[in-house]
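1. Generate coordinates for the sequence data below:
(chains A and B)
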Amino acid sequence: MSDIRPELKYLSSHEWARVEEDGTVSIGISDHAQQELGDVVYVEVPEVGSEVHIGEEAGVVESVKAASDIFSPLSGEVVAINEALADEPETVNESPYDDGWFFRVKPSDLSELDGAMNAEAYKESIEEDD
Amino acid sequence: MLNKTPLNDIHRQMGGKLVDFGGWHMPVNYGSQMDEHHAVRKAAGMFDVSHMTVVDISGSDAKVFLQYVLANDVAKLGVQGKALYTGMLNEKGGVIDDLIVYLVNDGYRLVVNCATREKDLAWMTQQSEKYSVSITERSDLAMIAVQGPQARAKTQTVLQASEIDALEVFQACALQAEKYHNWFVARTGYTGEDGYEIILPADQAVSFWQALADAGVQPCGLGARDTLRLEAGMNLYGHEMNEEISPLVANMGWTIAWAPQDRHFIGRAALTAEKERGLTHKLVGLLLQDKGVLREAQEVICEGMAEKGIVTSGTFSPTLGHSIALARIPVSFTGDIFVQVRQRKLPVKIVKPCFVRNGSKVI
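-> Residues are numbered from 1 along each chain as shown, chains lettered A, B, ... in the order given. Here you go, the predicted model:
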């Protein structure tokens, strides 16, 4: 059984988004995604200052088994990246929603997240996969 | 409908994550693939390899038939139980399959790949017309590999069969005790570690698997099997070689028995011509010291050459902590070399294609 956080928004491609108190949005991959990927060995995130676009590739997560693209759930400027993942990519497996976040965006239009799934819809979507 | 091995239920009971593997429902891992990999390098792990095909060849022409269809020469098998690794080639010198052949008391036993099962059997049957042989697929048998520095000791605690202690590497024996009818233990493997591959009656596979687990042997999925074989620099059929790729460009030159000169085996003429023309490609090992992971089918850029090489197998190496790969590149190339990983052109180092043996780095 995988952990699904009720306060987050999700994409069908298994990214999550969390609106932080300062209005920025953190992005990572779900517990279900890290379980499917297995041991994460490398994470490639966009550079600070670069622009990401809704629905477009913003990085890559690689496990021993496979490489998987990370899609951004919204558009905006990247204001922070999780630098600890460079040396400890396994953090994505250990703490996918907290210490294992990937990057943080200053959104150009926060309402873009309305198109993402809530926790309940995401839960249904992964149950259909199984 | 996927094929199932006799261990299908126990894989699920033990938490295996089962996937479609070439038409077989097989465990890719049980928990962490990395932990399973390390268990084999440091202690003992076991793999269900019952999807592989066991074929027995008997009859008065068994030896001459195999001398014709296999590139290595079964005449080298002087003692019962000895094993030989070989390619089975087509007339063009391409590899139909790679396999292990054992000398057994009433002929030979072959262990061939699962994905190639049908074409192997069809090919052997077609080639056998002029020979007095019978070709028998042993679907009544299962196969379990136990690998790692503690694999032999742990297997012995379960089997209590003294005859296996004397086995040399690449040697097998049928177990003597009556209760072990149809058990065949080989000191072979696909991980670069010591251990056994055990062929046994399908209906005894579950209890043996359970006994090994009780003895502390870690169940491992096919995910770890692939990272282990790649660290050991071992080829995987369909990746390093196939029907279009000759054994000479897949580091399998040592498996071709050129002597005696008058042994005519299928593919010999084509390989001889290829050698005379000169080889165009070679298989090398690659090390990536940067962060990232080399993967099959990525382009290899040989600085100053228009022609590209290709990654035939790539992975993150759990033992070394960085990515490794096997790659086919132009034979004459010696300069700076890179692999195109998405938008990045990453420098790599060419090494002998064997990265880890018996638990230790060898590069």
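2. Quick one: the strands in chain A, in order.
-> With DSSP state E as the criterion, chain A has strands at A:9-10, A:15-19, A:25-29, A:40-44, A:51-52, A:57-63, A:67-71, A:76-81, A:103-107.
3. May I see those strands organised as JSON lines, with mean neighbour count, distance to residue B:363 and mean pLDDT added?
-> Where C-beta positions appear, they are placed from N, C-alpha and C, glycine not excepted. Shown next, in JSON lines, are the strands of chain A (neighbours: other Cβ atoms under 10 Å in any protein chain shown; distance: least, Cβ to Cβ, whole Å; pLDDT from 0 to 100):
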{"stretch": "strand A:9-10", "mean neighbour count": "25", "distance to residue B:363": "42", "mean pLDDT": "98"}
{"stretch": "strand A:15-19", "mean neighbour count": "21", "distance to residue B:363": "37", "mean pLDDT": "98"}
{"stretch": "strand A:25-29", "mean neighbour count": "25", "distance to residue B:363": "33", "mean pLDDT": "98"}
{"stretch": "strand A:40-44", "mean neighbour count": "24", "distance to residue B:363": "19", "mean pLDDT": "96"}
{"stretch": "strand A:51-52", "mean neighbour count": "20", "distance to residue B:363": "38", "mean pLDDT": "98"}
{"stretch": "strand A:57-63", "mean neighbour count": "21", "distance to residue B:363": "22", "mean pLDDT": "96"}
{"stretch": "strand A:67-71", "mean neighbour count": "18", "distance to residue B:363": "24", "mean pLDDT": "96"}
{"stretch": "strand A:76-81", "mean neighbour count": "18", "distance to residue B:363": "32", "mean pLDDT": "98"}
{"stretch": "strand A:103-107", "mean neighbour count": "20", "distance to residue B:363": "35", "mean pLDDT": "98"}
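4. Save those strands as a markdown table, and put in distance to residue B:101 too.
-> Formatted as a markdown table, the strands of chain A follow (distance: least, Cβ to Cβ, whole Å):
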| stretch | distance to residue B:101 |
| --- | --- |
| strand A:9-10 | 53 |
| strand A:15-19 | 50 |
| strand A:25-29 | 46 |
| strand A:40-44 | 37 |
| strand A:51-52 | 56 |
| strand A:57-63 | 36 |
| strand A:67-71 | 37 |
| strand A:76-81 | 54 |
| strand A:103-107 | 54 |
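5. residues contacting the residue most central in space within chain A?
-> With distances taken as Cα atoms, centre = their mean, chain A has residue A:28 as the residue nearest its mean C-alpha position (2.2 Å). If you count contacts by Cβ atoms under 8 Å, 6 or more residues apart in numbering or on different chains, residue A:28 has them with A:15-16, A:92, A:96-97, A:100-102.
6. Roughly how far does residue B:314 sit from chain A?
-> 10 Å (Cβ to the nearest Cβ, to the nearest Å).
7. Spell out which parts of chain A neighbour chain B.
-> When proximity is defined as Cβ under 8 Å from any Cβ of the partner chain, chain A approaches chain B at A:38-39, A:41-42, A:44, A:60, A:62, A:64-65, A:67, A:86.
8. of those residues, closest to residue B:82?
-> residue A:64 (35.3 Å; Cβ to Cβ).
9. Distance check, that closest one against residue B:359.
-> 18 Å (Cβ to Cβ, to the nearest Å).
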